[in-house]
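> have a look; sequence and predicted model below, questions after that.
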Amino acid sequence: MNTRYFTIQTPDDAAQIEAAAEILRRGGLLAIPTETVYGLGADGLNEKAVAGIFEAKGRPQDNPLILHIPSADWLTRYCKDVPETAYRLAARFWPGPLTMILKKREFVPLRTTGGLDTVGMRCPDHAVTRAIIEAAGVPVAAPSANTSGRPSCTTAAHVRADMDGKINGVVDGGDCAVGVESTIIDLTCDPPRLLRPGGLPLEELRAVLGEVALDKAVTGQLSADEKPRAPGMKYRHYAPKAPVTVVTGTAAESGRWLRANAPEDAGLILFDEFAPLFPSQTVRTIGAAADKREQARRVFDALRFFDDTDVSEIYAQCPDASGLGLAVGNRLKKAAGFKTVDARDGALVLGFTGGTGAGKTTLLRAFEGMGAVIVDCDAFYYERLRCDERLRADLNAAFPGVVSPDGELDRRKLGELVFGNAERLAELDRIVFAHLPRAVVRRIAESGAALAGIDAVKLTESGLGALCDATVAVVAPEAARAKRIMARDGISEARALERIRAQKSGEAFAAACTHVFENNAESVEEAQIKAEQFISRLVKEIKEDKQHGG
Ligand code: TXA
Ligand code: MG
């Protein structure tokens, strides 16, 4: 079959809309964009057309399809006994990523509903697709456009990869804005039941409906004899070719676990901040740890990405279950067949950074006073230079001659090579950052300490900051810093200011950290007391956060 490709920018492009609608009216198969994922559409009342969907996808016959309509006005055409709550939800969330399960009218084919007397109804938030459905004048049955079992399609390129030659047309409507499928709510039971978490967060449904029950298939693997209410939830899903393991816990905890345990040849699905920590693995990022919207948009792309690589297994970081995290985590866990490892390690790791003279040491000593182990990354770097042969070899490859034949690193020569040369300095950083974080994590794990601090000027740049449960920037007024440096190092004020100004500003340190310690104390004693108060409050806060599933 020759697949025709449409690019339709607006619902006003009447000629193209009509050409696409024509395919549906004639019983053909047309991939359509929606805000969630691409759908593989056909006339939902035409049994032959619907059979074509199952064939093109290789989908089990008992897995029902969702009917897509252009507005809530169409609901009573295909559904009966529509409860008042359906209209309330439609008014609030349609068009949008919500599918409602309702009682079907007799004439809606059982082939469409997988033999059920209910039907899933959805009004997609994509103007072009709604215009096509309106023009076709039929409800459009559309499962996700992927081959059955594969990750869903969020770009027209994904659809082409799975469906080219198997269907009549593909409408390219750009990348999907939401990226995970619709949330499915069953309104035929009381209380309403969430069958699949999706693009509309559960919290928003609860705000309208009050109590919402969670189907067991949402959070765990069903046993062989259990029958899910959404038949599709029982099948292996979203799975890349390589086996997937989901690493649970906070982002920092899963990051630490991966840095200590991920094999060199593994593929990693990571939050953005963690990518620099894994230079030798094949990495696909899905957005910042705190940005679940972005994670939803990119999660299927990440799962597809590894099929074109030779990784033998895949590990994935996973957001917590609030908001869109429930859907993102569900897709990752389904891709993993619910294989997870728990990364919670009981350790509380804090990162400390700041410019010279700001008073970082005072804060570190206070933390040590609570029993914390501190890794001073400067000192640790020199220690690694002495004992890490691979680090020395990498440095020698980039800066020939800095390692003598008997394996000694010439630190002065290296310093001269990179001094004032931004490009070489970046190369040195790259090499050090590829080695140091792993060693730091190992050092902390081996110490067995419940509290650990990482002291690094380049805390964020090295990626180490992402591995910390919190990061603290220590800042102080310039005059106070200069005074401390003069007293400490016996230099002039001009020299002290010169040193301060050669570094990143206090604001820049603060912007890169989760917390800021402002060291504006008048005396050493006062600074110590303030540091102790600050650090014990912070530790308490994080412990509470973790207890609440943070
Ligand atoms: O966002 C979406 O919902 C996308 C786009 C294309 O609209 N569609 C989609 O369809 O994800 P599909 O077929 O990949 O997933 C539909 C899920 C399946 O798990 C199916 O079992 C369930 O919805 N489902 C459909 N009708 C149902 C019904 N009457 N009762 C229970 N579950 C139903
Ligand atoms: Mg699907």
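Done, it's in. Treat the numbers as computed from the prediction; the structure is a model and nothing was measured. Ligands and ions are numbered 1, 2, ... in the order given.
> ok and the residue in the protein nearest ligand 1?
Ligand 1 sits closest to Gly232 of the chain, with a gap of 2.1 Å, by C-beta to the nearest ligand atom. For glycine as for every other residue, the C-beta is placed from the backbone atoms N, C-alpha and C.
> measure the residue nearest to that residue when sequence neighbours are not counted to Leu200 for me?
Counting by C-beta to C-beta, 6 or more residues apart in numbering, Gly232 lies nearest to Asn63, which is 4.8 Å off, once chain neighbours are set aside. Distance from Asn63 to Leu200, counting by C-beta to C-beta, to the nearest Å: 22 Å.
> tell me which of the two has more neighbours.
Leu200 (23 against 17; other C-beta atoms under 10 Å).
> helix, strand or coil for the more buried one?
coil (DSSP: H, G, I helix; E, B strand; the rest coil).
> just give the nearest non-adjacent residue to it, would you?
Leu200 sits nearest to Thr183 (C-beta to C-beta, 6+ apart), 4.2 Å away.
> just want the phi and psi numbers for the one you found.
Torsion angles at Thr183 (phi, psi; degrees, to the nearest 10) stand at phi -70, psi 130.
> give me the neighbour count for it.
Counted with other C-beta under 10 Å, Thr183 comes out at 27.
> mind listing what it touches?
Counting by C-beta atoms under 8 Å, 6 or more residues apart in numbering, Thr183 touches 97-99, 194, 196-202, 205, 327.
> if you count neighbours, what's buried in the helix or strand containing Leu363?
Using DSSP states H and E, the element containing Leu363 is helix 360-369. Neighbour-count burial for helix 360-369, counted by 16 or more other C-beta atoms under 10 Å, picks out Lys360, Thr361, Thr362, Leu363, Leu364, Ala366, Phe367.
> quick one: pLDDT of the second one?
This points to Thr361. For Thr361, the pLDDT comes out at 95.
> ditto for the one 4 residues further on
pLDDT recorded at Arg365 is 97.
> and for Gly549?
For Gly549, pLDDT reads 60.
> residues of the chain that sit close to ligand 1?
By C-beta under 6 Å from any ligand atom, the residues of the chain that approach ligand 1 are 34, 36-37, 39, 63-66, 99, 101, 113, 116, 118-120, 122, 124, 142-144, 181-182, 184, 195-196, 229-233.
> on that earlier part again, and the residue nearest to Gly232, what does it touch?
Asn63 neighbours (C-beta under 8 Å, 6+ apart): Gly114, Pro143, Pro231, Gly232, Tyr235.
> out of everything not next to it in sequence, what's closest to the second one?
Spatially, and ignoring its direct neighbours in sequence, Pro143 is nearest to Leu65 (5.4 Å; C-beta to C-beta, 6+ apart).
> wait, the one you found sits on Thr113?
Yes: using C-beta atoms under 8 Å, Leu65 makes contact with Thr113 at a distance of 7.4 Å.
> between these two, tell me which one has more neighbours.
Neighbour tally, Leu65 and Thr113, criterion other C-beta under 10 Å: the higher count belongs to Leu65, 26 against 23.
> residues in contact with the helix holding Leu363?
350, 352-354, 374, 451, 453, 455, 472, 474, 517, 519, 524, 527-528, 531-532, 534-535.
> other SSEs contacting the following helix or strand past it?
The first helix or strand that comes after helix 360-369 along the chain, using DSSP H and E, is strand 373-376. Applying 3 or more C-beta pairs under 8 Å, 6 or more residues apart in numbering; DSSP states H and E, one finds that strand 373-376 makes contact with helix 360-369, helix 422-447, strand 451-455.
> tell me which helix or strand of this protein sits lowest on mean pLDDT?
Taking mean pLDDT, DSSP states H and E as the measure, the helix or strand of the chain with the lowest value is helix 216-219, at a mean of 86.
> which is the next helix or strand following that one?
Scanning onward from helix 216-219 (DSSP H and E), the first element met is strand 244-248.
> now do the SS call for the residue nearest to Ala527 when sequence neighbours are not counted.
In space, Ala527 comes closest to Ala521 once its chain neighbours are excluded; the distance is 3.8 Å by C-beta to C-beta, 6+ apart. Three-state assignment for Ala521 (three-state DSSP): coil.
> just want the phi and psi numbers for Ala521.
phi -70, psi 150.
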